[in-house]
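Colleague: No letters, just coordinates:
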């Protein structure tokens, strides 16, 4: 359940970054058991929200969460489509699938 940090050579690769005047650091002992736990790595920044792993700035929390799941925690979670059962490795890919495949606009019957 824990990310293996032994591959990193120094602290600059282990969640330390600099976002302007704000130093970024994450606690490597934080457990990630649910997708909501990814939000523990989202920090408020001067111009948006910051990934505490790499100090990348995003305009909103959702984008940081998607980034964390695809870049820093790939394959941690599986999401199923409630309508067809197809499985996805990220919430974002499942949501895109839902929009493209199951949220088709209904045709409105012509009044004439």
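Modeller: Now that the structure is in, tell me what you want to look at. The shown structure was predicted, so the numbers you read here are calculated from the model rather than taken from an experiment. Numbering: from 1, shown residues only.

Colleague: going forward, measure contacts between C-alpha atoms and count neighbours the same way
Modeller: Will do.

Colleague: Residue 78 versus residue 34, what's the distance?
Modeller: Distance, residue 34 to residue 78, using CA to CA, to the nearest Å: 11 Å.

Colleague: Residue 49 belongs to a strand?
Modeller: Yes: judged by DSSP: H, G, I helix; E, B strand; the rest coil, residue 49 forms part of a strand.

Colleague: Let me see the contact set for it.
Modeller: 42, 43, 57, 58, 59, 60, 61, 64 (CA atoms under 8 Å, 6 or more residues apart in numbering).

Colleague: hmm, who's touching the helix or strand hosting residue 100?
Modeller: According to DSSP states H and E, residue 100 maps onto helix 91-101. Helix 91-101 is contacted from outside by 66, 78, 79, 80, 81, 87, 88, using CA under 8 Å, 6+ apart.

Colleague: List only those of these flagged as buried.
Modeller: Neighbour-count burial (16 or more other CA atoms under 10 Å) applied to the contacts of helix 91-101 gives 66, 79, 88.

Colleague: quick one, phi psi at the last one?
Modeller: Residue 88 adopts backbone torsions of phi -130, psi 150, taken as degrees, to the nearest 10.

Colleague: Kind regards, and thank you for your time.
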